[in-house]
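Novice: sequence? don't have it. structure:
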């Protein structure tokens, strides 16, 4: 019998499975659960975008494209980044079309990390950064953002984490799981700290289209930041295209040249059908994005209003499609709270601890669900909270 | 307010309380706006979409094309009014193109519909001809697809 623990990659063996996975496995065994857990839109990809994908198949466009993606799509992405976020990247050599934002994050990390490099990761955050940094030989340096600061990265926190070994900062706003955003004013002091250093920024802007009341501001737009920033974005959240697996990364040529090597050896190119659909999304998809964003905003208000009404503390998230209420006051860990809510009321929300230690005490509620669905879930959460209060 | 109407058009069960929160308005204001829309005839009613094919109930629906001689001063209005007053008539539209008025009608049986056309519609004054098309299957109505109930197949993927 092989002793796999001795044979397989130590780095991968040492990587913990995602904490969120455990909860989802539990969820899958249960019937009739009202779930508020998914991290993807409830909208179907708009028909005209699906149609463009279908048409490409009908025309037999089933080949590999160039490694970095079709030039038509890269040109559309270039125009889009300029139009929406005032970012200037050349379609020819500064944009790579990737398999979702996830691949973009991975190749960005692998392109910049040397063994022992420290990568600053503001937490709570999407679960992939920490393990991907470790697998690349880097050292994740977690900084804990706080509800009092609306889960923003503060200059003090950033300064406290910087050492001579700091290679990069992963900036992930609008944020999953908190829904926090970083405005231009929030970013200014961060930029001041980074500007005269060699520290790079990997800016994961996958939720950039989903902000409420304020437009997204990319850190790469600040003077002196473009040369040190790798912008990650994609089609999943804005255009409801999660299953198409399509994202992109934009950076200065010396960085994209290195990322492209990794991308071409391990991916070759992103799915061709998805690329054709994405061209349509960029050309004609703006009204769809606005419609979905308006709908998310109404649900956001609705959730916040009712959480406040039933006396659950929650800061007001201004982006993504999550709220991140504090459930710590009921004398349980967030995992216990979520498990009891699941078993006693059949409502599933994700324990905040899954997104980093400082997420403990919180829970992530997704509002990628209809108002009617949210209403039923909220009624049950209210019952649960009332019962907890009566017991105490 | 266009957004309010659009939300209600999509789901009339949404309550004034829910709307108030979603649109950041006072409940009283929302109630007043809805009442005004009702009073002004902007909102005419609230109905439910039912896929009767999934029930025991027998029914048949048909689209009837009518060619009509317009009346002096009244155009097609008088004829349309006569037609829409029949309770079995679901919808009446004045059309451009090769015929004038489209009537959507529902009955229990094909015989009942045929009887309605032959006995009630065709003999009406000013009607020149009728063409009846029976509906074989309803795929989509009022923006809603008639088929199996949707299930949430989204994966919990991190």
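Specialist: Arrived safely, thanks for sending. Remember, predicted model here, so these are calculated numbers, not experimental data.
Novice: just the strands in chain B please.
Specialist: Assigned by DSSP state E, chain B shows strands spanning B:60-68, B:89-94, B:101-107, B:127-134, B:140-141, B:144-145.
Novice: mean pLDDT added to those, as TSV?
Specialist: Listed next are these as TSV, based on pLDDT from 0 to 100:
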stretch	mean pLDDT
strand B:60-68	96
strand B:89-94	96
strand B:101-107	95
strand B:127-134	96
strand B:140-141	93
strand B:144-145	91
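Novice: return the residues in contact with residue B:71.
Specialist: Residues in contact with residue B:71 (Cβ atoms under 8 Å, 6 or more residues apart in numbering or on different chains) are B:78-79, B:126. Bear in mind the C-beta positions are built from the backbone N, C-alpha and C, glycine included.
Novice: ok, those residues vs chain A, which is closest?
Specialist: Ranked by distance to chain A (Cβ to the nearest Cβ), the contacts of residue B:71 are led by residue B:79 at 37.7 Å.
Novice: what's the neighbour count on residue B:76?
Specialist: 19 (other Cβ atoms under 10 Å in any protein chain shown).
Novice: quick one: it and residue B:102 touch, right?
Specialist: No - shown here, residue B:76 and residue B:102 do not form a contact pair, counting by Cβ atoms under 8 Å, at 11.5 Å.
Novice: mind giving me the PyMOL command for buried ones among the contacts of residue B:71?
Specialist: Filtering the contacts of residue B:71 down to the buried ones (16 or more other Cβ atoms under 10 Å in any protein chain shown) takes a single PyMOL command:
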select buried, chain B and resi 79+126
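Novice: spatially, what comes nearest to the residue in chain B positioned nearest to chain A if we skip its sequence neighbours?
Specialist: As assessed by Cβ to the nearest Cβ, chain A sits closest to residue B:22 within chain B, at 3.7 Å. In space, residue B:22 comes closest to residue A:298 once its chain neighbours are excluded; the distance is 3.7 Å by Cβ to Cβ, 6 or more residues apart in numbering or on different chains.
Novice: also residue B:122?
Specialist: Among residues not flanking residue B:122 along the chain, residue B:130 sits closest, at 5.4 Å (Cβ to Cβ, 6+ apart).
Novice: surely that neighbour and residue B:64 touch.
Specialist: Yes - with contact defined as Cβ under 8 Å, residue B:130 counts as touching residue B:64 (5.7 Å).
Novice: identify the contacts common to those two.
Specialist: With contacts taken as Cβ under 8 Å, 6+ apart, the residues that reach both residue B:130 and residue B:64 are B:117, B:121.
Novice: give me the low-pLDDT residue ranges for chain B?
Specialist: For chain B, the stretches with pLDDT under 70 are B:158.
Novice: if we go to 80?
Specialist: B:1, B:156-158 (pLDDT under 80).
Novice: which parts of it are helices?
Specialist: Along chain B, the stretches classed as helices by DSSP state H are B:2-10, B:16-23, B:27-39, B:77-84, B:110-115.
Novice: make JSON lines out of those and add distance to residue A:1.
Specialist: As requested, the helices of chain B are exported to JSON lines (distance: least, Cβ to Cβ, whole Å):
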{"stretch": "helix B:2-10", "distance to residue A:1": "60"}
{"stretch": "helix B:16-23", "distance to residue A:1": "60"}
{"stretch": "helix B:27-39", "distance to residue A:1": "68"}
{"stretch": "helix B:77-84", "distance to residue A:1": "81"}
{"stretch": "helix B:110-115", "distance to residue A:1": "73"}
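Novice: returning to that earlier point: spit out the contact partners of the residue of chain B closest to chain A.
Specialist: Taking Cβ under 8 Å, 6+ apart as the test, what residue B:22 contacts is A:298-299, A:301-302, A:371, B:7, B:14.
Novice: for chain A, just list every one of the strands.
Specialist: Ranges of strands within chain A are A:34-35, A:95-98, A:118-123, A:139-144, A:166-171, A:200-204, A:229-234, A:247-250, A:322-323, A:347-348, A:350-351, A:363-366, based on DSSP E.
Novice: right, so of these, which gets closest to residue A:290?
Specialist: strand A:229-234 (17.4 Å; Cβ to Cβ).
Novice: surely residue A:208 and residue A:236 touch.
Specialist: No - using Cβ under 8 Å, residue A:208 is not in contact with residue A:236, being 11.8 Å away.
Novice: from residue B:92, how far out is residue B:66?
Specialist: Counting by Cβ to Cβ, to the nearest Å, the gap from residue B:66 to residue B:92 is 9 Å.
Novice: next one, pLDDT for the residue nearest to residue A:86 when sequence neighbours are not counted please.
Specialist: Nearest residue to residue A:86 in three dimensions, chain neighbours excluded: residue A:221, at 5.3 Å (Cβ to Cβ, 6+ apart). Looking at residue A:221, its pLDDT reads 98.
Novice: what is the neighbour count of residue A:221?
Specialist: The local packing of residue A:221 (other Cβ under 10 Å) involves 17 other residues.
Novice: what of residue A:391?
Specialist: 8.
Novice: quick check: it vs chain B, distance?
Specialist: Going from residue A:391 to chain B by Cβ to the nearest Cβ, to the nearest Å gives 29 Å.
Novice: right, and residue A:358 touches residue A:123 too?
Specialist: Yes - between residue A:358 and residue A:123 there is a contact at 5.4 Å, judged by Cβ under 8 Å.
Novice: so which of those two has more stuff around it?
Specialist: More neighbours surround residue A:123 than the other of residue A:358 and residue A:123, with 23 against 20 (other Cβ under 10 Å).
Novice: that one and residue A:352, how far apart?
Specialist: Counting by Cβ to Cβ, the gap between residue A:123 and residue A:352 amounts to 10 Å.
Novice: go on, residue A:10?
Specialist: 30 Å.
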